[in-house]
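Colleague: Here you go, sequence then predicted model.
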Amino acid sequence: MIRFENVTKRYALTANPALDDVSLEIERGEFAFVVGKSGSGKSTLMRVALREQLASEGTVMVAGHDLAAMSSRQVPRLRREMGAVFQDFRLLPGKTVTQNVAFALQVIGKPRHVIRSLVPETLDMVGLADKGKRLPHELSGGEQQRVAIARAVVNKPQILLADEPTGNLDPATSLDIVHLLDRINRAGTTIVMATHDSAIVNAMRRRVIELHEGRVIRDVADGSYDPALTPDEARPDVADVTWEPEANEDIDPAAGYEGGA
Amino acid sequence: MRLGFLLGEIWTGLRRNLSMAISVILVTMVSVFLLGLGMLAQRQADTMKGYWYDRIQVSIYLCTDGAPQPNCNEQAVTDAQKDTIARQLKEMPEVDTVFEEDAQQAFDRFKEQFRNSPIADTVQVGDIPESFRVKLKDPTKFAVVSSQFEGAPGVASVQDQEKVLRKFFQIINGVTVFALGLAALMAVCAGLLMATTIRQAAFVRRREISIMRLVGASSWTIRMPFLIEMLIVAMVGVALAVLMLWGAIQVIFNLGVNQVALSQAWIGTSDVLVVAPWLFGGVALVALLTSLLTLRRYLRV
Ligand SMILES: Nc1ncnc2c1ncn2[C@@H]1O[C@H](COP(=O)(O)OP(=O)(O)OP(=O)(O)O)[C@@H](O)[C@H]1O
Ligand SMILES: [Mg+2]
């Protein structure tokens, strides 16, 4: 579903690349955490996957599209297959909860009857069925993030990218949000979530991809995360973390991507 | 994008950026008013030229009894002299048509032209000289006719109508150049202001824009509200300018000038309707191009 092959991302005027020869593959229906210290490149990875930024080197495939080969006219189509949520919610302050969620459908030209059925259905799914008429500032942080999630998934994207969605929330609320993401994942959406909250990662026991100075230093299923450990002492596998495509993959990635395109 | 939603976004956009919208309206109004003024002045010149070229270009005034011109010797023109002039005129290749205006006709025409002026009451038949009205094949060939008849027996004076009007055309051309020059300057202002307004509007709505991009709105969907807003604002400016032009023509020409001279030779408010579509079209084009260029630079997907 998402594949990075030797991806390097350099920002102008910076010595070290934000992503350094990153290779990884996230399958359809997976739930993966991207962890690492501040500045390790988590947000950069998300932005590259969303094609907000292009990789400096390497190939990025998302839902069957080669992002570097894609013309800017095709980008909207890619974005309609992806949802994204962020630490700062990014809701429109002048619109109600319902209007915020509907906005995502209106601007891609969905007919009114579709909007009228999808929006309440999605708000119900995130547990905000009775708060549709509220404005964002009349909601708690956790509720605002639920609205943002509803907006991200209302068009039923195949992929949901979440960049520190719990960064502004207390631990209990954070866990609620992650459980909601988990539910969305079980319904079939591929989820990549960047976080440095080890409690969440350890509670969920899902795949963990750890970045350090732009490199993948760990990539394990059922992973945990202890930010206090330095790469050397905690991870004997630190030297050989480059991702290798498995020879015996039973899912042909290309065929899988076709369905989403 | 649904029309209702689009209109709602446009309305919100205009309201949130109202002061900029008003300044674009005003600057557009002033520049279009000046441009329109220049265009109307040119139409005035054309109308007048057409009017005079359609009639006579050269008048050969004949001597009246006691005429002051030395050539006349205070004697009225004789029939033999008139015949000679008429025959010579007909033989000239430059001449298109000749019309002989007798004293009574000259008097009637004068009365008609100056019907609203007190001078009309003091003239009598015979005061206005008889004349040959000559229409030339090429109005600029005036000199040929004038040199032949200036000082001929029975001729009081030869008048080139275009010469009479030349001063007037000079004034009109001056007005045109002045108005168009100012209009060009104002058009630059209007263009820059439109670009600034769009940048400002894009800044005010940067949240909406970033979300639109994130959820996969096409770049046209993102740009459309800005484009339409700019078009609406520019068209309001043109509409106001056209109203002002209409008012100006009403005041200057219909009420002022028509009192003293030929109404056919003057443009009227209907001429405003003729230039209006050009003004609307031109400004729409400028607004569209400016918006597209600015949006291209500032709103990338
Ligand atoms: N737009 C940019 N221009 C230049 N350098 C940037 C830019 N964005 C990020 N960087 C640099 O790239 C590196 C990775 O940044 P990134 O935002 O991806 O880290 P992160 O893992 O998301 O950090 P955090 O946990 O604090 O969000 C950092 O060194 C940062 O300074
Ligand atoms: Mg980040």
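Modeller: Arrived safely, thanks for sending. Ligands and ions are numbered 1, 2, ... in the order given.
Colleague: mind listing what residue A:223 touches?
Modeller: A:33, A:201, A:205-208, A:210 (Cβ atoms under 8 Å, 6 or more residues apart in numbering or on different chains). Heads up, the C-betas are built off the backbone N, CA and C, glycines and all.
Colleague: Settle this for me: residue B:271 is touching residue B:40, isn't it.
Modeller: Yes: counting by Cβ atoms under 8 Å, residue B:271 touches residue B:40, with 6.1 Å between them.
Colleague: shaky segments in the stretch 201-301 of chain B?
Modeller: B:253-265, B:300-301 (pLDDT under 70).
Colleague: Tally up the residues packed near the residue of the stretch 201-301 of chain B at minimum distance from ligand 1, please.
Modeller: Closest approach of the stretch 201-301 of chain B to ligand 1 (Cβ to the nearest ligand atom) occurs at residue B:210, with a separation of 14.6 Å. Neighbourhood size, residue B:210 [other Cβ atoms under 10 Å in any protein chain shown]: 12.
Colleague: From what I see, it and residue A:90 are in contact.
Modeller: Yes: the pair residue B:210 / residue A:90 is scored as a contact, 7.1 Å apart, by Cβ under 8 Å.
Colleague: circling back: biggest separation within the contacts of residue A:223, which pair?
Modeller: Taking Cβ to Cβ, the two most distant members of these are A:205 and A:210; they sit 14.9 Å apart.
Colleague: neighbour-wise, which of those two wins?
Modeller: The neighbour comparison of residue A:205 against residue A:210 (other Cβ under 10 Å) goes to residue A:210, with 26 against 11.
Colleague: just checking, what's the longest helix in chain A?
Modeller: helix A:171-186 (DSSP state H).
Colleague: Can you point out the buried residues in that helix?
Modeller: A:173-178, A:180-181, A:184-185 (16 or more other Cβ atoms under 10 Å in any protein chain shown).
Colleague: One more: stretch A:53-63?
Modeller: A:53, A:55, A:58, A:60-63.
Colleague: ok, now stretch B:88-95?
Modeller: So for stretch B:88-95, counting by 16+ other Cβ under 10 Å, buried means B:89, B:92, B:94-95.
Colleague: what sits against the residue nearest the centre of chain A?
Modeller: For chain A, residue A:161 is the residue whose C-alpha lies nearest the centre (Cα atoms, centre = their mean; 1.5 Å). Residue A:161 is in contact with A:46, A:49-50, A:82-85, A:191-193, counting by Cβ under 8 Å, 6+ apart.
Colleague: Would stretch A:81-93 count as contacting ligand 1?
Modeller: No: in terms of Cβ under 6 Å from any ligand atom, no part of stretch A:81-93 sits within range of ligand 1; the closest distance is 8.0 Å.
Colleague: residues in the stretch 1-150 of chain A within reach of chain B, list them.
Modeller: Within the stretch 1-150 of chain A, the residues that sit near chain B (Cβ under 8 Å from any Cβ of the partner chain) are A:50, A:72-73, A:75-84, A:90, A:92-94, A:103-104, A:106-109, A:111-112.
Colleague: now do 6 Å
Modeller: A:72, A:75-76, A:79-80, A:84, A:104, A:106-109 (Cβ under 6 Å from any Cβ of the partner chain).
Colleague: Reformat those residues as a markdown table; add neighbour count and pLDDT.
Modeller: Shown next, in a markdown table, are the residues of the stretch 1-150 of chain A next to chain B (neighbours: other Cβ atoms under 10 Å in any protein chain shown; pLDDT from 0 to 100):
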| residue | neighbour count | pLDDT |
| --- | --- | --- |
| A:72 | 10 | 86 |
| A:75 | 21 | 92 |
| A:76 | 21 | 93 |
| A:79 | 23 | 94 |
| A:80 | 18 | 95 |
| A:84 | 25 | 96 |
| A:104 | 27 | 95 |
| A:106 | 23 | 93 |
| A:107 | 23 | 92 |
| A:108 | 19 | 93 |
| A:109 | 12 | 90 |
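Colleague: so, if you compare the residues you listed, which one comes nearest to ligand 1?
Modeller: Among the residues of the stretch 1-150 of chain A next to chain B, and counting by Cβ to the nearest ligand atom, the member closest to ligand 1 is residue A:84, at 13.8 Å.
Colleague: my guess is the closest one is in a strand, correct?
Modeller: Yes: using DSSP: H, G, I helix; E, B strand; the rest coil, the secondary structure at residue A:84 is a strand.
Colleague: Bridge partners for it, pull those for me.
Modeller: Assessed by DSSP bridges, residue A:84 has beta-bridge partners residue A:161.
Colleague: and if you look at residue B:155?
Modeller: When bridges are called by DSSP bridges, residue B:155 pairs up with residue B:62.
Colleague: Neighbours of it, how many?
Modeller: 22.
Colleague: Which ones among the residues of the stretch 1-150 of chain A next to chain B lie within helices?
Modeller: Using DSSP H, the residues of the stretch 1-150 of chain A next to chain B in helices are A:75-76, A:79-80, A:104, A:106.
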